[in-house]
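Q: 3D, please:
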Amino acid sequence: MALKKFFEKNEFSKVIDLFNSKNHKTEEDYIITALSYFNLNQTNKAISLLKEILRENPDNLDALFNLTTIYYKIKNWNKVKEFGLKYYEKDNNDWAINDMLAELWLFEGDFDKSLFHLENAFNAAPSEMSAYFKNRISIFKEKINKVKKLPKLAFICAKGLDNFINDIIDGLSENYWVRKFVVTTDKEIYSAIDWADIIWFEWANEVAIIGSNYQNTSTKPAIVRLHSYESLAYYPQKINWNNIDKLILVAEHIKDIIKMYMPNIENLVDIEVINNGIDIEKIKFTPHKKGFNIAWVAHISYKKNPPMMLQIIKKLVEKDNRYKLHIAGDFQDLRYEIYLKHMVREMNLENNVIFYGWVDDMDEWWEDKNYLLSTSIHESFGYNIAEALAKGIKPIIHNFYGSKNLWPENFIFNTINEAVDMILSNDYDSEKYRKFIEKYSLDKQIDEIKKIIKIQTAKQSSNNYYLKKEILTLYYKSFSGSNTISLYKLNSWKIKEKYDIKLYKLTANFFKKKEILKSKMIITTHGPIFKNNNIINLELWHGFPLKAMGLMDNNEKNKIKVKKIFSNTDYIISYSNMYSMLMSACTGIPKEKFFITGMPRNDFLFLSSGKNNISKFYNVLDKKIIFFMPTFRFGFNRVEGKKNFNNIFGFEHFDYEVFFEFLKQNNILFIAKLHPNEENKINININNENFKLLRDRDLEKNNMDLYELINGVDLLITDYSSIYFDYLLLNKPIIFTPVDLEEYKKTRGLLLDPYDYWTPGEKALTQKELQKYILKAFNNDEYSEKRNEIKNIIHYYQDEKSSQRVWNLIDELIGRKKIF
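A: Reported below is the predicted structural model:
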């Protein structure tokens, strides 16, 4: 009762002293003391006590109510939502909670929910508040009606990842009807997209992947903002950049990281770097000076490199035991919590290292700190650094990649001794630190974002920009080296400005799609679909022919039909003059319809990060990687060649266990990729860590074309598959297994003879020979010169620009100015 009396007299310090002296404390004691701390502007201590109650009793309504109220007063909308909704679930008739939730939903742009809660508050409030709520409802409705006339901007992000967008929402709310969509399902993503006029994916993660592949995204301006972790997790490879108009990066060095595995990213999407902004007005500047309190602020995880902070504080304490390390952050991993607390004890730092846990009111927490220590191995920006500078606190920053592009070099250290020297130095200028951070102001960030959105909105309203673009329809049969998939992935943002590009899988339903008849051009890989005088048919085909086909096939019984089908081809791309000659002979397509551009899929041989891509399917480690890619034998209503299917190679005798041991001893990962025609016809059921079967469905599931893996392969094994002609561009070893060469020549035929001349590599006809030649290829490759000789005959172009040339050709054929 004494606590309550002191509180009612506003004697808050006495409340706190009495609380701290009590052995037995009730939940009411905690509530009263928390409110006392809050009244003394010690927000963090107030929040900490209220959360302590909830850890013991999650249903305590007083704790939930007061937490919601405190977060409401400091405008932490995410926390208002978290604790306000928990309270509402238990008691939906509290007028104050409903009133705060109404303002929350007003901020997030969900006006139906906002008015619903405001009506609830009005109905639940005492009668003397009726006039207040009638006026409040009127104000809300007036504001809502005004906002509903503005363009609709949807911010879409996964649950728990909406920490950085509230300031941006606030900054844009005068110009747009901004709604925050925190999504947990695909359906919620689609619903948000359908609602919007302009789409903003806040992270380049799974949400952006799903959203960018939704058909309605292509009809609206769409922006993706990429922060940091997404670039390190290869998410950008899975985003459909054809449907994205702008990629916003928060720092220049993040672009460099993406380009390590997607060197063509700048061709795929228009990129803008907009640094994060900090609301300087909300951070009270107070002059700081040298001292002994060192702040370390972050979620405690491996990327923040916490062991380094202990090494630094240990060195400082050895010089002066007044130094203290203040750690504001929650543990992300129990292992780190165990380790760090153990090391604090082992290093005798119990009196010098303080763990605060998560801190809500950082402005209060910073007040007595003299330095900010950042030990991260990776950052995109570093809000902790920015906040420290805004407070006038000297930052000590570990030299993470990109740090010198963001922060002055005199704040950056490489070694522990350098960090210690910087802290001991007399160089300290609080006002200078505050002045520097003005370059990262929130106002500047908002202005840059407004410019980008304004440009995208102008496009949308300009003669229905997104609906006027001419349609190009591409179809693919599989993910096993598709030129259309490659062309689709490797188009530039400039191409997307001009065309509405559709990519479809060739299925029975493909012919029912109305979009086909709206197309300006249909682009195919296995022959034209149909003839329409209003539609251009462009053929890309799917490889350089070694095998006879069409009109040159020994066993083709309907050559008149073949010629008729290919007569519908308007244009066809080519590797070289030799390719044009061979394909013309096989299809009857006149030579003047051929354009030498190179094949789009071969661009991936130069551009992709093959080893990294393979590692997404298998454990690569430091292994040598072999791909086995034979041609198909089961043709349409016939079997080609005379291969023995008792083993994957067709050898007369083959022992899998011996081969597995060979792979293990030589640290080799062997990946068999059968032709898509045969994946379901040949039954191979092998489970071995060094021998894997890659199927087309695996590639499709990962949105990865086979050619995005190929440059990570150290050795190719094949028989008559045309893939080896493309693999020549890498000048890596090839082994051939022509186990039924003579029979194959009889039943199918080869366009290029003699076989030995056109196949620059060893010929293995037994298991013993195969294993011998594999080791020889890795240790004593003798065919490099011969491979280059054949390569120069096959490939007119030997670079990564085939897709660009094909897009130029498309543009030219449609009668437009060249783009590249």
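Q: so what does the closest residue to residue 622 other than its chain neighbours have for phi and psi?
A: Using CB to CB, 6 or more residues apart in numbering and skipping residues adjacent in sequence, the residue nearest residue 622 is residue 667, 6.9 Å away. Where you see a C-beta, it was placed from the backbone N, CA and C, and this is true even at glycine. Main-chain torsions, residue 667, degrees, to the nearest 10: phi 50, psi 50.
Q: does residue 667 touch residue 620 like I think?
A: No - contact criterion CB atoms under 8 Å: residue 667 and residue 620 do not qualify, at 10.7 Å.
Q: between those two, who's got more neighbours?
A: A direct count of neighbours by other CB atoms under 10 Å for residue 667 and residue 620 places residue 620 higher, at 16 against 11.
Q: about what we covered before: show me the contacts for the residue nearest to residue 622.
A: By CB atoms under 8 Å, 6 or more residues apart in numbering, the contact set of residue 667 is 622, 623, 624.
Q: what confidence value was assigned to residue 557?
A: We have a pLDDT of 75 for residue 557.
Q: and what of residue 508?
A: On the pLDDT scale, residue 508 gets 63.
Q: report the buried residues of stretch 158-168.
A: Within stretch 158-168, the residues that count as buried by 16 or more other CB atoms under 10 Å are 158, 162, 164, 165, 166, 167, 168.
Q: apologies, that question was intended for stretch 56-69.
A: 60, 62, 63, 64, 65, 66, 67, 68, 69.
Q: next helix or strand past the host helix or strand of the fifth one?
A: So that's residue 65. Assigned by DSSP states H and E, residue 65 falls within helix 61-73. Beyond helix 61-73 on the C-terminal side, the first helix or strand identified by DSSP H and E is helix 77-90.
Q: packing partners for that next one?
A: In this structure, helix 77-90 packs against helix 61-73, helix 95-108, with contacts taken as 3 or more CB pairs under 8 Å, 6 or more residues apart in numbering; DSSP states H and E.
Q: which elements pack onto the longest one?
A: For helix 95-108, the contact count by 3+ CB pairs under 8 Å, 6+ apart identifies helix 61-73, helix 77-90, helix 111-124, helix 130-147, helix 166-172 as packing neighbours.
Q: what are the contacting residues of the third one?
A: Same thing as helix 111-124. So helix 111-124 is contacted by 92-96, 98-99, 101-106, 130, 133-134, 136-137, 140-141, 144, 147-148 (CB under 8 Å, 6+ apart).
Q: please indicate which of these are buried?
A: For the contacts of helix 111-124, buried by 16+ other CB under 10 Å: 94-96, 98-99, 101-106, 133, 136-137, 140, 144, 147.
Q: now do the helices in the stretch 501-650 of the chain.
A: Using DSSP state H, counting those that start in this stretch, the helices assigned to the stretch 501-650 of the chain run over residues 515-518, 559-566, 577-587, 603-607, 610-615.
Q: can I get those helices in JSON lines with mean neighbour count and distance to residue 46?
A: Shown next, in JSON lines, are those (neighbours: other CB atoms under 10 Å; distance: least, CB to CB, whole Å):
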{"stretch": "helix 515-518", "mean neighbour count": "14", "distance to residue 46": "59"}
{"stretch": "helix 559-566", "mean neighbour count": "15", "distance to residue 46": "78"}
{"stretch": "helix 577-587", "mean neighbour count": "19", "distance to residue 46": "75"}
{"stretch": "helix 603-607", "mean neighbour count": "23", "distance to residue 46": "55"}
{"stretch": "helix 610-615", "mean neighbour count": "19", "distance to residue 46": "48"}
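Q: lowest-confidence stretch among those?
A: helix 515-518 has the lowest average pLDDT among the helices of the stretch 501-650 of the chain, namely a mean of 77.
Q: dump the C-alpha coordinates for that helix into PDB.
A: Output of helix 515-518 as PDB, limited to C-alpha atoms (Å, rounded to 0.1, in the frame of the first residue of the first chain):
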ATOM      1  CA  GLU A 515      -2.200 -14.000 -74.800                       C
ATOM      2  CA  ILE A 516      -0.600 -15.900 -77.700                       C
ATOM      3  CA  LEU A 517      -2.900 -14.300 -80.200                       C
ATOM      4  CA  LYS A 518      -2.100 -10.900 -78.700                       C
END
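Q: returning to what we had before: may I see the helices and strands packed on helix 77-90 organised as CSV, with distance to residue 498 and mean pLDDT added?
A: Converted to CSV, the helices and strands packed on helix 77-90 look like this (distance: least, CB to CB, whole Å; pLDDT from 0 to 100):
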stretch, distance to residue 498, mean pLDDT
helix 61-73, 48, 96
helix 95-108, 36, 96
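Q: how about stretch 732-747: buried residues?
A: Within stretch 732-747, the residues scored as buried using 16+ other CB under 10 Å are 732-741, 744-745, 747.
Q: let me redo that: stretch 311-322
A: Result for stretch 311-322 [16+ other CB under 10 Å]: buried residues 312, 313, 314, 315, 316, 317.
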